[in-house]
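J.: Task: produce atomic coordinates for the following.
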Amino acid sequence: MDDKRILEMRGIDKVFPGVRALQGVDFSLNEGEIHALMGENGAGKSTLIKVLTGVYVRDGGTISLKDHGEVQIHSPQDAQKLGISTVYQEITLCPNLTVAENMFIGRGAGTLTNWKKMNEDADRILSSLDIPAKATQQLASCSIAVQQMVAIARAVDMECKVLILDEPTSSLDEQEVEKLFGLMRDLKSRGVGIIFVTHFLDQVYEVCDKITVLRDGQLVGEYEIKDLPRVQLVAKMLGKEMDDLSDIKGEQGTYHGADANEQIFEAEGLQSDAGIAPFDFHIKKGEVNGFTGLLGSGRSECVRAIFGADRVLKGSVKMKGKSIKITKPLDAMKNGIAYLPEDRKDDGIIGDLSVRDNIILALQVLTGFFKPFSKAQANAFAAEYIDKLNIKTASADTPVKSLSGGNQQKVILARWLLMHPEYLILDEPTRGIDVGTKVDIQKLVLELASEGMSVTFISSETDEMLRTCSRLVVMRDRKVVGELSGDDLTQNKIMSTIAGGEQ
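T.: Numbering: from 1, shown residues only. Sure thing, here's the model as predicted:
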């Protein structure tokens, strides 16, 4: 191994029944290097990481570490002993324990634990990383972003030589991302090798030194960041040359029906128990509009109020000019409103059910469980949307939890489209999924709008909002602070409105 090389994986194979997840993949990491692992969902990134961390046993190839030579890693504990730590996108800590207990759990804590020393050590680490949490507070009282930082603090304190960050920024706002990047650069200066998995291209180019691209379980190549422009990175991930993403709108997304000016949904003075200020809102037939603002601005709370997912305290709503009452999601569904939630893991998929059962769920709720669909009907519904949305699954019987994140998202989309709603709400439908599936979903939204469906679209990525929406409601501090359309629909105008200046 090269003197600077801290990790070398050569010819890694991993086979699951009917699927070759990795085929002869090479990956290397140097000391003091931040190395992005990129690829679409299903490209093999997660599988490669799970092989490295002992979650999966490889079927071929070798793993070598500096000072250890070739190693056998059969469990996450083996990986940890070798100095390999992982922080996953889904936080795997215990919310009922304190911050300190979460940081030191599994490391000798027990009846003889010196609690005073443990809390002091935890506070020292939290302070050194500038994390706004106290050792003795319950983890559940921390925001998701702070919980993520605690998970990173735990991994860093394990004296890791290789740190794997799997989508660590998906729940962080801009300031917290910058804090994390500062921490990553600090660790890099101390010689830690960092594998960074993310779908945010901007972040890759801001913080990484190298990029390795996987596609369909195979290595596409390893590149210095300076040698791989973004357009080429996207092309390599997709396996095809691709026009500028900003061109996808074109004529799509324009509804030309005679009823194009009809107000499909209107809300006046709507307020829920989630802490948002009363707001007014409307959407026309065939329109794509959206809520934009920083993380925590109240975007999701607004659409949850519309759908009845949070308890509505006051306000009135109309559907096609007729007053309706929405006190629970079933009321919204009966009025032709569908909602894809922000958190697909907790509020979307039912992991142990099949792809088919997840797809038919909303329609079955509307029809009533005492009138179950026949197997033939259920199969026909599933087959139609597996084909229409190009859902990659071995069969309709496959448990949905075994699909990639992007395909799980498509399954939830299929569930709501099967209802044929008049008004579709999509909250972060492309978060944590690959560039190719992102473009598929954006194109689908514009196609649905051109056929007359009204769509409210929420995304943390401003350029994605600009590509899909014709009107944006701007949020700040849980209040609506502006509305932009036409020539005002620009990144600068959005930012100045969020910042509080209309100029």
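J.: Any regions of the stretch 401-503 of the chain where pLDDT drops low?
T.: 432, 501-503 (pLDDT under 70).
J.: one more time with 90
T.: Along the stretch 401-503 of the chain, the model assigns pLDDT under 90 to residues 401-410, 412-413, 416-417, 419, 428-445, 447, 459-467, 475-479, 490-503.
J.: For this protein, which helix or strand comes out least confident on mean pLDDT?
T.: Lowest mean confidence among the helices and strands of the chain (mean pLDDT, DSSP states H and E): helix 230-238, at a mean of 77.
J.: next helix or strand past that one?
T.: The helix or strand immediately downstream of helix 230-238 is strand 263-272, counting by DSSP states H and E.
J.: Could you list the paired strands of whatever helix or strand comes next after that next one along with their orientation?
T.: Sequence-wise, the next helix or strand downstream of strand 263-272 (DSSP H and E) is strand 279-284. Here strand 279-284 has these sheet partners by DSSP bridges: strand 263-272 (antiparallel).
J.: Pull the strand it pairs with out as PDB, backbone CA atoms only.
T.: In PDB, the C-alpha atoms belonging to strand 263-272 read as follows (Å, rounded to 0.1, in the frame of the first residue of the first chain):
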ATOM      1  CA  GLN A 263     -59.400  27.700  -8.100                       C
ATOM      2  CA  ILE A 264     -59.100  24.000  -7.100                       C
ATOM      3  CA  PHE A 265     -58.300  24.600  -3.400                       C
ATOM      4  CA  GLU A 266     -58.400  27.800  -1.200                       C
ATOM      5  CA  ALA A 267     -57.600  28.300   2.400                       C
ATOM      6  CA  GLU A 268     -58.200  31.400   4.500                       C
ATOM      7  CA  GLY A 269     -56.700  32.100   7.900                       C
ATOM      8  CA  LEU A 270     -55.600  28.500   8.300                       C
ATOM      9  CA  GLN A 271     -53.700  27.700  11.500                       C
ATOM     10  CA  SER A 272     -52.800  24.300  13.100                       C
END
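J.: Please list the residues outside it that contact it.
T.: Strand 263-272 is contacted from outside by 277-285, 287, 301-302, 304-306, 310-321, 337, 422-423, 454, using Cβ atoms under 8 Å, 6 or more residues apart in numbering. All C-beta spots, glycine's among them, are computed from the backbone N, C-alpha and C.
J.: in it, what's buried?
T.: Residues of strand 263-272 classed as buried by neighbour count (16 or more other Cβ atoms under 10 Å): 264-267, 270-272.
J.: ok, now stretch 202-217?
T.: 203-205, 207-215, 217.
J.: hmm, back to that, in CSV: the buried residues of strand 263-272, plus pLDDT and distance to Gly18.
T.: Shown next, in CSV, are the buried residues of strand 263-272 (pLDDT from 0 to 100; distance: Cβ to Cβ, whole Å):
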residue, pLDDT, distance to Gly18
Ile264, 95, 44
Phe265, 97, 44
Glu266, 96, 50
Ala267, 96, 48
Leu270, 96, 49
Gln271, 94, 51
Ser272, 93, 46
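J.: could these be laid out in TSV, adding distance to Pro399?
T.: Below are the buried residues of strand 263-272 laid out as TSV (distance: Cβ to Cβ, whole Å):
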residue	distance to Pro399
Ile264	36
Phe265	35
Glu266	40
Ala267	38
Leu270	38
Gln271	39
Ser272	34
